[in-house]
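# Sharing a sequence plus its predicted fold:
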Amino acid sequence: MSLGIVSNCFKCQLDEGESLAGLVMESTRRGYSVIELRQGCLGDGESPGTLVPRPDALANLTADCPGVTWDLALGYPCMDPKTDGADEIFAAGCESISRLAGEGMAHLRLVDLSTDHAGVNPADAAASIGRLFRRVREVGGQLSIEHARESWAWFIEVFSRAHDDAGVDRDRLKICFDPCNLLVAPDRPDPAEVTAGLDPELVSMIHIKQRRDGQPWPAVAEGEVDWESVIPAINAMHAGRGFDGPLLFEVAPSRDVWDFLSGSRVYLQRLGLEMGVNSDLE
């Protein structure tokens with residue numbers, strides 16, 4: 001399984017003036033071949049204040065950082081029944097993924113951190129995702145939806161409805177799976193059980209992170225997610241050839257991010273996680 005990094009890991013470095021391109025190039029030197037560009041941590045690739053992606057600036061990354069597979073992640077009310085994608089942020093997101101794709105697949109990832117899911121009918125939320133998915137398909141892209149704070153049972157019902165409604169394009173609508181996010185779901189499902197029960201072909205990527213005392217942790221180590229019990233399920237997803245990655249680190253920002261990422265890899269490998277070879281682990 002290929003390895004990658006979500007750009008919000010680099011918030012400290014970006015805030016201190018390091019360039020996103022330089023951070024991505026260092027990532028590839030260390031063996032991380034996939035970069036998820038997270039809104040809010042795009043450097044000059046987004047407008048200050050409004051966080052609207054800047055397609056031209058993001059497209060320059062493909063020239064500066066060859067060999068990288070990209071996706072763009074937006075915090076967006078994708079499950080709000082009133083959402084239709086007819087706004088500046090979503091339009092810029094669709095154009096950006098098209099420019100980032102090169103010869104690969106344009107890929108947009110959405111996470112809804114604002115909708116009051118308890119008051120939304122699953123059918124209405126699924127219809128909203130369907131409208132956004134059709135706009136992503138207009139640029140030839142793939143759409144991934146991440147579970148966040150909502151009930152897992154509610155989320156999977158919404159996703160399943162949207163996936164069924166997607167018709168012949170349904171293989172381009174997938175889940176960005178984050179076992180750690182399940183810890184804040186109201187129904188508190190067991191991450192290992194949920195991972196084992198997933199259809200691997202519905203998962204586009206897996207986020208790797210940890211929490212301690214209810215807070216994001218700068219390394220993947222012992223903590224609230226029992227990674228020792230989750231890893232066998234991830235390996236089984238890969239062994240069945242339905243899921244081939246990537247695994248994306250999304251550790252809490254830190255000035256020592258490279259050391260923490262290296263230590264996280266060592267920890268996960270000792271637990272048996274099957275991952276790609278790192279060219280600069282130490």
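Arrived safely.
# hey, let's count contacts and neighbours off CA atoms from now on
OK.
# I'd guessed Ser204 sits against Gln142; true?
No: Ser204 lies out of contact with Gln142 (CA atoms under 8 Å); the separation is 9.3 Å.
# Give the residues shared as contacts by these two.
Lys174 (CA atoms under 8 Å, 6 or more residues apart in numbering).
# I figured Tyr218 was touching Phe249, is that so?
Slight slip there: residue 218 is Pro, not Tyr. No: between Pro218 and Phe249 there is no contact under CA under 8 Å: 10.2 Å.
# The two: which has the busier surroundings?
Neighbour comparison, Pro218 and Phe249: the larger count goes to Phe249, with 26 against 23 (by other CA atoms under 10 Å).
# any idea of the pLDDT on the more buried one?
Residue-level confidence at Phe249 comes out at 98, pLDDT.
# ok, now which ones touch Met105?
Contacts of Met105 by CA under 8 Å, 6+ apart are 140-142.
# Give the PyMOL command for selecting the buried subset of those.
To isolate the buried members of the contacts of Met105 in PyMOL, using 16 or more other CA atoms under 10 Å:
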select buried, resi 140+141+142
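# In JSON lines: the contacts of Met105, plus distance to Leu51.
What follows is those, written out as JSON lines (distance: CA to CA, whole Å):
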{"residue": "Gly140", "distance to Leu51": "24"}
{"residue": "Gly141", "distance to Leu51": "21"}
{"residue": "Gln142", "distance to Leu51": "22"}
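# And Thr83, how far from Ala118?
Using CA to CA, to the nearest Å, Thr83 is found at 17 Å from Ala118.
# Between those two, point out the one with more neighbours.
Comparing Thr83 with Ala118 by other CA under 10 Å, the one with more neighbours is Thr83, at 17 against 10.
# so the more buried one sits in a strand?
No: read with DSSP: H, G, I helix; E, B strand; the rest coil, Thr83 is coil and lies in no strand.
# Once you drop chain neighbours, what's closest to it?
Ser128 (6.1 Å; CA to CA, 6 or more residues apart in numbering).
# Quickly list what His107 is bridged to.
Beta-bridge partners recorded for His107 (DSSP bridges): Gln142.
# In a helix, Ala153, correct?
Yes: per three-state DSSP, Ala153 lies within a helix segment.
# could you pull out the helices for the chain?
For the chain, the helices defined by DSSP state H cover 11-15, 20-29, 55-64, 88-101, 122-138, 152-165, 191-197, 227-239, 257-270.
# Just give me how far stretch 204-215 sits from the chain centre.
Computed by CA atoms, centre = their mean, to the nearest Å, the chain-centroid distance of stretch 204-215 equals 11 Å.
# Now do it: everything it contacts.
144, 174-180, 216-225, 243, 245-251.
# mean confidence for it?
Stretch 204-215 shows a mean pLDDT of 97.
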